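# everything below, folded, please.
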Amino acid sequence: MAFQDLLDQVGGLGRFQILQIVCLCISSIIVFPHVLLENFTAAVPGHRCWVHILDNDTVSANGTGILSQDTLLRISIPLDSNLRPENCRRFLHPQWQLLHLNGTFPNMSELDTEPCVNGWVYDQSSFSSTTVTEWDLVCEFQSLISVSKFLVMAGMLVGGIIYGHLSDRWLAESARWLIITNKPEEALNKLRKAAHRNGRKNVADTLTLEVLKSAMQEELEAAQNKPPVCDLFRTPNLRKRICVLSFMRFTTLIPYFGLNLHVQHLGKNVFLSQGLFGVVTLPSNYVALLALNHLGRRVSQMLFLFLLGISILTTTFVPEEMQTLRVALATLGVGVCSAAITSSATHGNELIPTVVRALVLGVIGIAANIGSAVAPLLMILTVYSSHLPWIIYGVCPILSALVVRLLPETRNQPLPDSIQDVENERKGWRKAKQEVISMKVTTF
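Predicted coordinates:
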């Protein structure tokens, strides 16, 4: 008898398990939207420099009305390369001669301009107020928006480390984890509790401590020799898996939060884009489940990661005027990114032995949170090129897809329970390979 048989006795998927899933979903629904709040609270509205003859209330009230707002704007604010009013500069003096050009546009670089020394005027059609308009986080101060998002994600990194330890005391542990950590009595109580909630009240008579120890003999023996943290990186196969999985999670979370935290850069309608991003997440996870079951773990991840990289790189060089195409490609990117994260999490759980799974997943989670924190910080690179951060977002998942082949396929394979299982798997693979080579040599 193995642990799976014990689960079948208490109810593999009953009311107890469903209740756990519902509680996790509720907590995720409450928590995750806070990560996306800055798409709205820190939105950057259209803006231009404050100009005395255009925005001074006294001048506007006493004006004769001869010159329109558009005319005053033309002589006060230079045009950018797209013939739109500049966001961060204004003319040093009103350029009255521009009124007589009859639709022609002179070389703006020849005219004297200055920064917005008196502040900015913001478009309030979509957002009446944001942190950007409150503290003027535009132009030379726009990098502070990325810093604020970085601090939020860095808080998640620190919180994940701190509360990960606290949760070991406050949350209910899994019975399997209790067994491999040499706590069979607590594991028995958890199993009986699950059986009772699943309506299998008679299991308490047959599910005893002796039955539990007999079923989990190997796990209990492994628990007697619980490895220290340093042993995670001493054995070559486990060390390789941890490093590859950490790199993959790091390079996958960078584009995920790069897309989700910068919705405004992808489409003008933030509300529509954010809604599409949310809607596409659920079916993408279902597609990931189908792919994992039919294509395998490695092929699924490579497919999703390559699609993610291609969609981001394509979106980067699509003109801003093609809003529909940009939003569609960005939505595709969010969908395949969610599928890639689901596939990576499933594969990672199946690669790590039970006895150190919680610890290793904590290490991988730290790498993921570092990637989450780096994602908004990369937007500072827009001072060099507006495309540079998005190119990095697109290249990261492609690199991640290339290293997937370093990991073994785990579909329809038993979960490893100890570090020895992982290393023996490597030895078994080498032995099988040697036998194949030997057979080929014998054939000739």
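
# residue 134 and residue 127, how far apart?
Counting by C-beta to C-beta, to the nearest Å, the separation of residue 134 from residue 127 is 11 Å. To be clear about C-beta, it is placed using only N, CA and C from the backbone, and glycine gets the same treatment.

# mean confidence score for stretch 27-42?
Per-residue pLDDT over stretch 27-42 has a mean of 82.

# can you list contacts of it?
Stretch 27-42 has contacts (C-beta atoms under 8 Å, 6 or more residues apart in numbering) with 127, 130-132, 137, 145, 148-149, 152-153, 156, 257, 260-264, 270, 274.

# which of the residues you listed are buried?
127, 130, 132, 137, 145, 148-149, 152-153, 156, 257, 260-264, 270, 274 (16 or more other C-beta atoms under 10 Å).

# out of those residues, which sit inside strands?
Among the buried ones among the contacts of stretch 27-42, no member is found in strands (DSSP state E).

# in contact with residue 188, which residues?
175, 207, 208, 209, 212 are the contacts of residue 188 under C-beta under 8 Å, 6+ apart.

# ok, which stretches of the stretch 201-350 of the chain are helices?
In the stretch 201-350 of the chain, the helices defined using DSSP state H, counting those that start in this stretch lie at 203-206, 209-215, 217-224, 236-260, 270-294, 297-316, 323-351.

# then the stretch 51-200 of the chain?
52-55, 57-62, 69-76, 131-135, 143-170, 175-180, 184-197.

# nearest to residue 404, out of those helices?
Nearest to residue 404, of all the helices of the stretch 51-200 of the chain, is helix 143-170, at 24.3 Å by C-beta to C-beta.

# helices and strands around that closest one, which ones?
Counting contacts by 3 or more C-beta pairs under 8 Å, 6 or more residues apart in numbering; DSSP states H and E, helix 143-170 packs against helix 15-36, helix 38-41, helix 357-377.

# what about it, distance to the chain center?
14 Å (C-alpha atoms, centre = their mean, to the nearest Å).

# hang on, residue 48 packs against residue 84?
No: in this structure, residue 48 is not within contact of residue 84 by C-beta atoms under 8 Å, at 9.6 Å.

# show me the protein divided up by domain.
Split into domains by automatic domain parsing, the chain comes to 1-32+182-221, 60-141, 145-172+226-434.

# what about residue 155, neighbour count?
12 (other C-beta atoms under 10 Å).

# one step back: hey, which of the helices and strands packed on helix 143-170 is tucked in deepest?
Ranked by mean neighbour count, those are led by helix 357-377 with a mean of 21 (mean count of other C-beta atoms under 10 Å).

# packing partners for that one?
helix 143-170, helix 236-260, helix 323-351.

# and the next helix or strand past that helix?
helix 388-403 (DSSP states H and E).

# report the angle between the axes of that following helix and helix 236-260?
Going by axes from the mean of the first three to the mean of the last three C-alpha atoms, to 10 degrees, helix 388-403 is angled at 150 degrees with respect to helix 236-260.

# quick check: mean pLDDT of helix 388-403?
Rounded mean pLDDT across helix 388-403 is 94.

# now swap in stretch 203-219 and tell me
69.

# that older thread, between the helices and strands packed on helix 357-377, which one is closest to residue 69.
Per C-beta to C-beta, nearest to residue 69 of the helices and strands packed on helix 357-377: helix 323-351, 26.4 Å.

# ok so, going back, got a winner among the contacts of residue 188 for most neighbours?
Counting by other C-beta under 10 Å, top hit in those: residue 175 with 24 neighbours.

# which residues touch stretch 237-251?
232-233, 301, 344, 347-348, 351-353, 356, 360, 363-365, 367-368, 370-371, 396-397, 399-400, 403-404, 406-407, 419, 422-423, 425-426.

# list the buried ones in that stretch?
237-238, 241-251.

# off-centre distance for that stretch?
Centre-to-centre, stretch 237-251 and its host chain are 17 Å apart (C-alpha atoms, centre = their mean).

# start the count at 323 instead of 1 going forward.
Fine by me, first position is 323 from now on; the one you just mentioned is stretch 559-573.

# okay, stretch 556-568 in PDB with CA atoms only?
Taking C-alpha atoms only, stretch 556-568 is exported to PDB below (Å, rounded to 0.1, in the frame of the first residue of the first chain):
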ATOM      1  CA  ARG A 556      25.500  18.700  -3.000                       C
ATOM      2  CA  THR A 557      24.000  16.000  -5.200                       C
ATOM      3  CA  PRO A 558      24.500  16.800  -8.900                       C
ATOM      4  CA  ASN A 559      21.100  15.900 -10.200                       C
ATOM      5  CA  LEU A 560      19.000  17.700  -7.600                       C
ATOM      6  CA  ARG A 561      21.400  20.700  -7.800                       C
ATOM      7  CA  LYS A 562      20.800  20.900 -11.600                       C
ATOM      8  CA  ARG A 563      17.100  20.700 -11.200                       C
ATOM      9  CA  ILE A 564      17.000  23.500  -8.700                       C
ATOM     10  CA  CYS A 565      19.100  25.800 -10.700                       C
ATOM     11  CA  VAL A 566      17.300  25.100 -14.000                       C
ATOM     12  CA  LEU A 567      13.800  25.500 -12.400                       C
ATOM     13  CA  SER A 568      14.900  28.700 -10.600                       C
END
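
# distance from it to the middle of the chain?
22 Å.

# one more: stretch 616-635?
Worked out by C-alpha atoms, centre = their mean, stretch 616-635 lies 15 Å from the chain centre.
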